[in-house]
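1. Dropping a prediction and its sequence here:
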Amino acid sequence: MSGEDRRALATLENSAPLVDGHYELALPWGNRPPSLNNNHCIRLRRLHFLKKRFQKDLSLMEKYCKTLNDYIAKGHARKVPDGQLDPGVKPLWYLPHHPVIHEHKPGKVRVVFDCAARFGDASLNDQLLQGPDLTNLTGVLLRFRQEPVALMADVEQMFHQVRVAPDDC
């Protein structure tokens, strides 16, 4: 692992308290403080394109709204209080999202958050350390043999189960 990989892994391992039944992780920032400027204009432009897409496909809009409302009901998303939308308080970066439909699951809409969306010369992905690739097949097979019992699971909405530390929200 590179030095950055070790630093990213250490950030995640050292900031994983269990809060209300969910792990809460700090983001592995590459540099502190992050150099993200308020991308409000990009948010408005992406919202305009999303609205146009929904006007052409009302069924998609209904499925998308249902998915987002499900996120809110399960506590995976929440409305940001107006007081936290002041760019003078801390850096403000809007994370664009859009619907994706898997060809084998036509009734299900997945919301994809675009961390690679650029504003100026920056994106959220540019600001975060990538971390080591822990899913390479050789590593998985070797770790699988380390213990006498191995478990495998498919956790529903796994990435939504992990919360972001309040300082990084």
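-> Right, received. Where do you want to start?

2. Nearest residue to the spatially most central residue of the chain in space, ignoring adjacent ones along the chain?
-> Among the residues of the chain, the one closest to the centroid is residue 113, at 6.2 Å (C-alpha atoms, centre = their mean). Distances taken as C-beta to C-beta, 6 or more residues apart in numbering put residue 97 closest to residue 113, at 4.8 Å, once the chain neighbours are dropped. C-beta: built from backbone N, CA, C; applies to glycine.

3. That neighbour: neighbouring residues, count only.
-> 15 (other C-beta atoms under 10 Å).

4. Let me know the distance separating the closest residue to residue 19 other than its chain neighbours from residue 113.
-> Leaving aside its sequence neighbours, residue 19 sits nearest to residue 163 (C-beta to C-beta, 6+ apart; 6.8 Å). Distance, residue 163 to residue 113, by C-beta to C-beta, to the nearest Å: 15 Å.

5. helix or strand for the residue located most distally from the centre of the chain, which one?
-> Most distant from the centre of the chain: residue 148, at 33.6 Å, with distances by C-alpha atoms, centre = their mean. Using DSSP states H and E, residue 148 sits in no helix or strand.

6. Now do the contacts for it.
-> Residues in contact with residue 148 (C-beta atoms under 8 Å, 6 or more residues apart in numbering): none are found.

7. which residues are in contact with the lowest-mean-pLDDT helix or strand in the chain?
-> Of the helices and strands making up the chain, the lowest-confidence element is helix 137-144, at a mean of 77, by mean pLDDT, DSSP states H and E. Residues outside helix 137-144 that contact it (C-beta under 8 Å, 6+ apart) are 133, 150.

8. three-state assignment of residue 59?
-> Secondary structure, DSSP: H, G, I helix; E, B strand; the rest coil: residue 59 is helix.

9. Could I get the pLDDT score of it?
-> Note on residue 59: pLDDT of 94.

10. same thing with residue 14?
-> pLDDT, residue 14: 89.

11. Against residue 77, how distant is residue 111?
-> Taking C-beta to C-beta as the measure, residue 111 falls 9 Å from residue 77.

12. Need the residues touching each of those two.
-> Common neighbours of residue 111 and residue 77 (C-beta under 8 Å, 6+ apart) are 68, 71.

13. quick one: the residue nearest to residue 19 and residue 22 touch, right?
-> Yes: counting by C-beta atoms under 8 Å, residue 163 does reach residue 22; the two are 5.0 Å apart.
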